[in-house]
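Enquirer: Build me a model:
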Amino acid sequence: MANSILEISLCLFENICFFLFIDRFLQHKSKNHWYIFIASVIVKSILDYALVNTALLIKIPASILSGTVLCLIVYNTCIYIPSGFFIMFCYLLCIIDLVIGNVLTIFSDNNILLIFYGNLIQRAIICAFVKIIDAVTLFLIYRMMHKIALSFTKKIWLMFNVVMGAFLIITILFMTAYPDSNPSKSTEYLYTALFLIFFIMSLFIIHFLTFVAATFKENEKIHILRNNYSSIEESLLSQTENMRVIKKMRHDIKNNLLLLNTLIKNNNIKEAVSLIDQSVTQIEGTTIGLSQSSGHGIIDAIIANKAGLAKERNITFSYKLDSIPEISIDSIDISSVVTNLLDNALEAAEREENGFAEIKIINMESYISINVINSCTSVPLTSSTDKHILITSKADKSLHGFGTEIISDIAKKYNGSFVWKVSNNVFSANVIMKKS
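Expert: Predicted coordinates for the structure are as follows:
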């Protein structure tokens, strides 16, 4: 009875740690977050307890399968994410047991089985110590992965599954073979060193995979920021060209009016109308500028450029701008936010029959609010791993989510937030950032 209570307690502790870990990465399908969490822990613990006395080659695959299936039921995720996590969990439990067990055999004359399955009090103390090591290890891995795991590509996740699976298989083979042997002290030292090196190597590999994913993520962000810079440069060049044309028009307008006056006096109506038509065509082909100004040259240039693009795509475009001349937000950051918001809005509005987009910049006491709305009859696609990350509808899916992720990162950088919603066929995105 006492052993059964200990086994159940161990299963509960392990699964609480596992699901707390997973809960930090995956999005729940249900709004009853904690009820589902508790139910998941209980169900998984019952399944694990039912497998306590089965062979490792059956128990571990069954535990991985049950955990993966539970995650697919509870979370919005792909199969290769929870499977990778549970393969890693099982590997950590096995390898830590081997390392701690071998260290203890060095300081005692007992076999590793007697250490873990000796008298109840000794077993409870040792198991409590091992579970603390398990929890600390999981926390360290969480610290490695928490900012980057959801940016793993499918290929990296599959590689993670394969690598962790290989480590797990090797560890299981050690566990099934080792207890039947009766090694000497020198062999115990060798095994302990091998298991410890194996354990440390696996942590380095996990760190390496997160480093690769982080590098990929940063490269993609740099790629998008470069595109944003190109867009800003294009906006400024367009405004510069418009100013040149306007100056030329102002220079010519007096001569044109004098010529028009002469044509009318001489009753050359046809030539006068032709001159007027030419002037109107020239004016319509020029983006004069914005009827309102934020007082921030780069923001105004971007909005003017996007207004021109909207006109070319037959999208109704409007703007309401408060004056924000004095802000300490970096020009690259504010331009990235405005560019990404408007690019997303125009991309969505272009697919609608009567597409529209609007940007509002509101100057509050300590914060600046940038709100962009656009027509949206279809529900935007979101990442399977994070419902807050939007997926682009463009052909190149490799860059999905990075635009909205950049917006969110910049908002957090300035003690702000980025939120979006869809209501009544209108998509609304709002960014708030502290001005100083």
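Enquirer: what about the helices in the stretch 301-436 of the chain?
Expert: For the stretch 301-436 of the chain, the helices defined by DSSP state H, counting those that start in this stretch cover 331-349, 402-413.
Enquirer: how about these, which one is nearest residue 200?
Expert: Proximity to residue 200, assessed across these by Cβ to Cβ, is greatest for helix 402-413 (32.3 Å). All C-beta spots, glycine's among them, are computed from the backbone N, C-alpha and C.
Enquirer: That closest one packs against which elements?
Expert: Packed against helix 402-413, as judged by 3 or more Cβ pairs under 8 Å, 6 or more residues apart in numbering; DSSP states H and E, are the following elements: helix 185-265, helix 331-349, strand 417-423, strand 426-434.
Enquirer: Compute the inter-axis angle for the second one and strand 417-423.
Expert: Orientation check (axes from the mean of the first three to the mean of the last three Cα atoms, to 10 degrees): helix 331-349 against strand 417-423 gives 10 degrees.
Enquirer: before we move on, what about the last one?
Expert: Using the same axes, to 10 degrees, the interaxial angle of strand 426-434 with respect to strand 417-423 works out to 170 degrees.
Enquirer: Can you spell out which helices and strands pack onto strand 426-434?
Expert: Contact analysis of strand 426-434 by 3+ Cβ pairs under 8 Å, 6+ apart lists helix 331-349, strand 367-375, helix 402-413, strand 417-423 as its packing neighbours.
Enquirer: hey, least reliable of the helices and strands packed on helix 402-413 by pLDDT?
Expert: Ranked by mean pLDDT, the helices and strands packed on helix 402-413 end with helix 185-265 at the bottom, a mean of 73.
Enquirer: From the chain's centroid, how far away is stretch 135-154?
Expert: Put simply, stretch 135-154 sits 13 Å off its chain's centre (Cα atoms, centre = their mean, to the nearest Å).
Enquirer: and it, how far apart are its ends?
Expert: According to Cα to Cα, to the nearest Å, stretch 135-154 extends 27 Å from its N-terminal end residue to its C-terminal end residue.
Enquirer: Show me what it is in contact with.
Expert: Outside stretch 135-154, the residues within contact range by Cβ atoms under 8 Å, 6 or more residues apart in numbering are 17-18, 21, 24-25, 78, 80, 88-89, 92, 96, 160, 203, 206-207, 209-210, 213-214, 216-217, 383, 385-386, 389.
Enquirer: Can you give me the first-to-last residue distance of stretch 66-85?
Expert: Across its full length, stretch 66-85 reaches 12 Å end to end, with Cα to Cα as the criterion.
Enquirer: what do you get for stretch 418-436?
Expert: Using Cα to Cα, the distance between the terminal residues of stretch 418-436 is 18 Å.
Enquirer: Just the buried positions in that stretch, please.
Expert: Within stretch 418-436, the residues that qualify as buried are 418, 420, 427-435, counting by 16 or more other Cβ atoms under 10 Å.
Enquirer: Export these to TSV and append columns for distance to residue 153.
Expert: Output for the buried residues of stretch 418-436, formatted as TSV (distance: Cβ to Cβ, whole Å):
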residue	distance to residue 153
418	23
420	24
427	27
428	30
429	26
430	30
431	27
432	31
433	30
434	34
435	37
